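Enquirer: Using only what follows, build the 3D model:
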Amino acid sequence: MPAEEISEETLAFIEVINIVVQHVAEIRSLLDYYKYIAQEKQSKCVRLANTALDSLNELRETLAEAKKQRELELEMLRGKLVTEMVDVTYDFHDDVIRNAASRNEIEQMMKDFNIVEYNIPPQGGDPDMDIVYKLTGLPEDVAKAKFALREKCDALAAESKRKKQRGQQIDKYWTAVDPNKWRKTRFIYEFEAKDIDGNMVNFEKYRGHPLLIVNVASRCGGTDRNYKQLMALYQKFAEKGLRILAFPCNQFHNQEPYIERDIKEFVTTRYGVNFDMFSKIHVLGAEAHPIYNWLVNTTRGTLGDIIKWNFTKFIVDKKGRAVQRYGPNVDPEKIEPDIPKYL
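Expert: Numbers count the residues shown, from 1 in each chain. Purely as a prediction, here's the structure:
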């Protein structure tokens, strides 16, 4: 169609179309520009986020290392304090294990501080087990607990010492009254001794009963075996008249270091002992209880008259005469065949 034939309306429409195309091109350029800007910002944000994450991880590692180092320092301080605390209670160790009242006092004091778990062997447990402290507080708080623990243990140890001194007085009772009584005595009924609770017992109460008398100790290698077998004998023959008399003695390598209250708790808790237990005595030397002077001089041992070790055993017949002696190496179960002839 010739140009002159194009109407003005068509030209106007074409011009409009050109304008629209131009604006569309501009809009596309703007969209591309904003898309580029958005991508740049996104990339920058990602880079910043990654940098922040790296910094955060680095900070976390630094804090973890610092915490680990702090815990190590605290553990070293706690280790030093726990050693000191065990040292504080070392001499008091056995009294804590044997004495329920003392054990409860210490445990309650530790709970009051709320920083120390205090663990000892259970009542009647192995006396050679160590005291264990698990320290959970800060060192300065543990140090306060240690100071309080020292004061408590010192007080309890002083009380224990006073009771041991009273126990020594019990040992010397007969020596002071009549050290030569045994020389004038034919029958055991003329003696008396203090029981495990400190009450004087006249041996007249045993008239008509065969007796098995033994010197005992709580920390001897033969303790467990002898107590178990003595209980077996007592359960078998008690109804037929047998009486067992046990005398704690600390003269053999200090294997009976405890006071009477703790000895009683030990034997009743661990072995269920219900035969007669007496207060601590000496069986050797100038302060030997007269009943043991009498026993060793009216029977004969393989190496002479003296008591050689813990768990030496004597049989006294129903007439009150010492008739048989067994060395420490003779277990109670080996004595059993001899018991019936004295019943």
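
Enquirer: Which residue ranges make up each domain of this protein?
Expert: According to automatic domain parsing, the chain comprises the domains 3-71, 89-170, 180-342.

Enquirer: Using a markdown table, please lay out those together with mean pLDDT.
Expert: Putting the domains of the chain into a markdown table (pLDDT from 0 to 100) gives the following:
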| stretch | mean pLDDT |
| --- | --- |
| domain 3-71 | 75 |
| domain 89-170 | 56 |
| domain 180-342 | 88 |
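
Enquirer: Just name the most buried of these.
Expert: domain 180-342 (a mean of 18; mean count of other C-beta atoms under 10 Å). For every residue, glycine as well, the C-beta is placed using N, CA and C.

Enquirer: Compute the distance between residue 338 and residue 287, please.
Expert: 31 Å (C-beta to C-beta, to the nearest Å).

Enquirer: same thing with residue 7?
Expert: 148 Å.

Enquirer: and residue 314, that one's in a strand?
Expert: Yes: according to DSSP: H, G, I helix; E, B strand; the rest coil, residue 314 belongs to a strand.

Enquirer: going forward, begin numbering at 84 instead of 1
Expert: Okay, residue one is now 84; in that scheme the one you just asked about reads as residue 397.

Enquirer: the helices in the stretch 234-383 of the chain, which residues?
Expert: 256-260, 306-320, 343-354, 373-381 (DSSP state H, counting those that start in this stretch).

Enquirer: same question for the shortest one, mean pLDDT?
Expert: If I follow you right, that is helix 256-260. For helix 256-260, the mean per-residue pLDDT is 47.

Enquirer: List the contacts of residue 127.
Expert: Applying C-beta atoms under 8 Å, 6 or more residues apart in numbering to residue 127 gives no contacts.

Enquirer: Verify the contact between residue 330 and residue 297 for me.
Expert: Yes: with contact defined as C-beta atoms under 8 Å, residue 330 counts as touching residue 297 (7.3 Å).

Enquirer: got a list of what residue 154 touches?
Expert: So residue 154 contacts nothing (C-beta under 8 Å, 6+ apart).

Enquirer: Reduced to three states, what does it come out as?
Expert: helix.

Enquirer: From residue 147, how far off is it?
Expert: If you go by C-beta to C-beta, the gap between residue 154 and residue 147 works out to 10 Å.

Enquirer: Same check on residue 133?
Expert: In terms of C-beta to C-beta, residue 133 sits 21 Å off from residue 147.

Enquirer: Which of the helices or strands spans residue 130?
Expert: helix 91-173 (DSSP states H and E).

Enquirer: if we can go back for a sec, nearest approach to residue 278 belongs to which of the helices of the stretch 234-383 of the chain?
Expert: Among the helices of the stretch 234-383 of the chain, helix 343-354 comes nearest to residue 278, with 8.8 Å by C-beta to C-beta.

Enquirer: and the angle for the closest one with helix 306-320?
Expert: 70 degrees (axes from the mean of the first three to the mean of the last three C-alpha atoms, to 10 degrees).

Enquirer: Just the CA atoms of helix 343-354, as PDB, please.
Expert: What follows is helix 343-354, C-alpha atoms only, in PDB (Å, rounded to 0.1, in the frame of the first residue of the first chain):
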ATOM      1  CA  GLU A 343      33.200 -51.800 122.100                       C
ATOM      2  CA  ARG A 344      30.200 -50.000 120.600                       C
ATOM      3  CA  ASP A 345      31.600 -50.400 117.100                       C
ATOM      4  CA  ILE A 346      32.800 -54.000 117.700                       C
ATOM      5  CA  LYS A 347      29.200 -54.900 118.700                       C
ATOM      6  CA  GLU A 348      27.700 -53.100 115.600                       C
ATOM      7  CA  PHE A 349      30.200 -54.900 113.400                       C
ATOM      8  CA  VAL A 350      29.600 -58.500 114.600                       C
ATOM      9  CA  THR A 351      25.900 -58.200 114.900                       C
ATOM     10  CA  THR A 352      25.400 -56.500 111.500                       C
ATOM     11  CA  ARG A 353      27.800 -58.600 109.500                       C
ATOM     12  CA  TYR A 354      27.500 -62.000 111.200                       C
END
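
Enquirer: Show me what it is packed up against.
Expert: Where contact means 3 or more C-beta pairs under 8 Å, 6 or more residues apart in numbering; DSSP states H and E, helix 343-354 is packed against helix 176-181, helix 306-320, strand 326-331, strand 359-360.

Enquirer: rerun that using 6 Å as the cut-off
Expert: On a contact count with 3 or more C-beta pairs under 6 Å, 6 or more residues apart in numbering; DSSP states H and E, helix 343-354 meets helix 176-181.
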